[in-house]
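Q: Could you look at this predicted model? Sequence included:
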Amino acid sequence: MRILSLNLYYQDFSNSEMDSKQQLINKSNEAKEIFLPHLSADPVIFGFDQNELKVLLIKMNYRKMWLLPGGYVRKDEDLDEAVVRILKDRAGVVADVYLQEFGVFGKKNRSEFYFEDFDETLFHKQRFVSIGYYALYNPDKFNLITDEFSEACEWIYLSKLPEIELAMDHREIIEKALLTLRETISHKPIGYNLLPEKFTLSELQKLYEVILGKELNRGNFYRKIKNLGILKKLDERRMGGAHKAPDLYSFDKENYTKALENGLNSW
């Protein structure tokens, strides 16, 4: 009975693999008409939860491997517009915040090997140069969806990435995005799309520490972050703890936006 069950399982798996391959073949000609050849975009979307960073990934029907929610650029759209559309189509994420371009990825065979089961006529098997973008989101604000090519769309903790199989060069893209985020944090504000509307300075400090991968001196951090002019102290406290209730803060949206555009001068 167990052998029969296993046989049925592998039969179902094989049929699913064949169906996903046929799906890509069926979409190939349509893709050639709609999208630019050789150019793609791979957004790296970071979230913050339980004092850890997450990244948004999709699991494809074909080969059952995890990838970034990337896609191709239409012939009638700008690159930045394409990234916004791709995130909405592939994951249900409405990209209403700043998306930062951070790198170009163009090693030979970076994507071709993933589609090695197909012949050279498949649109997806072309050599693609991909533009990397990153953005920061609060995972609680979105209801993720899966598109027709995917079986899962999930937030994955960065600490769990070594345990999963990432396709193509997407591990490298995520690592470069994180490195860029760490470099950016010294001259751009961080946190508006990651923290709740109201937060404590210790919660904001923890976010910075998680991104930077190191502990920060509390006194120095509090002094510097207050001097940036991007915070508003609220007439409220975080109640319920064993110690003195800490003050609550929110971001000054106008000053935060200016700092995003012009950079931080006093960090």
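A: Done, it's in.

Q: what about the longest strand in this protein?
A: In the chain, with assignment by DSSP state E, the single longest strand is strand 35-49.

Q: If you compare the directions of the following helix or strand past that one and strand 35-49, what angle comes out?
A: Downstream of strand 35-49, the next assigned helix or strand under DSSP states H and E is strand 52-60. Angle of strand 52-60 versus strand 35-49, following axes from the mean of the first three to the mean of the last three Cα atoms, to 10 degrees, is 140 degrees.

Q: how about the helices in the protein?
A: Secondary structure of the chain by DSSP state H: the helices cover 2-34, 79-91, 170-184, 201-212, 218-227, 253-262.

Q: As JSON lines, those with mean neighbour count and distance to F128 would be great.
A: In short, each C-beta sits where N, CA and C put it, glycine included. Putting the helices of the chain into JSON lines (neighbours: other Cβ atoms under 10 Å; distance: least, Cβ to Cβ, whole Å) gives the following:
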{"stretch": "helix 2-34", "mean neighbour count": "12", "distance to F128": "12"}
{"stretch": "helix 79-91", "mean neighbour count": "19", "distance to F128": "13"}
{"stretch": "helix 170-184", "mean neighbour count": "18", "distance to F128": "13"}
{"stretch": "helix 201-212", "mean neighbour count": "17", "distance to F128": "29"}
{"stretch": "helix 218-227", "mean neighbour count": "13", "distance to F128": "40"}
{"stretch": "helix 253-262", "mean neighbour count": "14", "distance to F128": "30"}
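
Q: Can you flag the weakest of those by average pLDDT?
A: Among these, helix 2-34 has the lowest mean pLDDT, at a mean of 68.

Q: for the closest residue to G263 other than its chain neighbours, phi and psi?
A: Nearest residue to G263 in three dimensions, chain neighbours excluded: H187, at 4.7 Å (Cβ to Cβ, 6 or more residues apart in numbering). When read as degrees, to the nearest 10, the backbone of H187 gives phi -130, psi 10.

Q: Settle this for me: H187 is touching N262, isn't it.
A: No. Between H187 and N262 there is no contact under Cβ atoms under 8 Å: 9.7 Å.

Q: residue ranges with poor pLDDT in the stretch 51-200 of the chain?
A: 95-97 (pLDDT under 70).

Q: residue ranges for the strands of it, please.
A: For the stretch 51-200 of the chain, strands defined by DSSP state E, counting those that start in this stretch occupy the ranges 52-60, 66-67, 71-74, 100-105, 129-136, 150-157.
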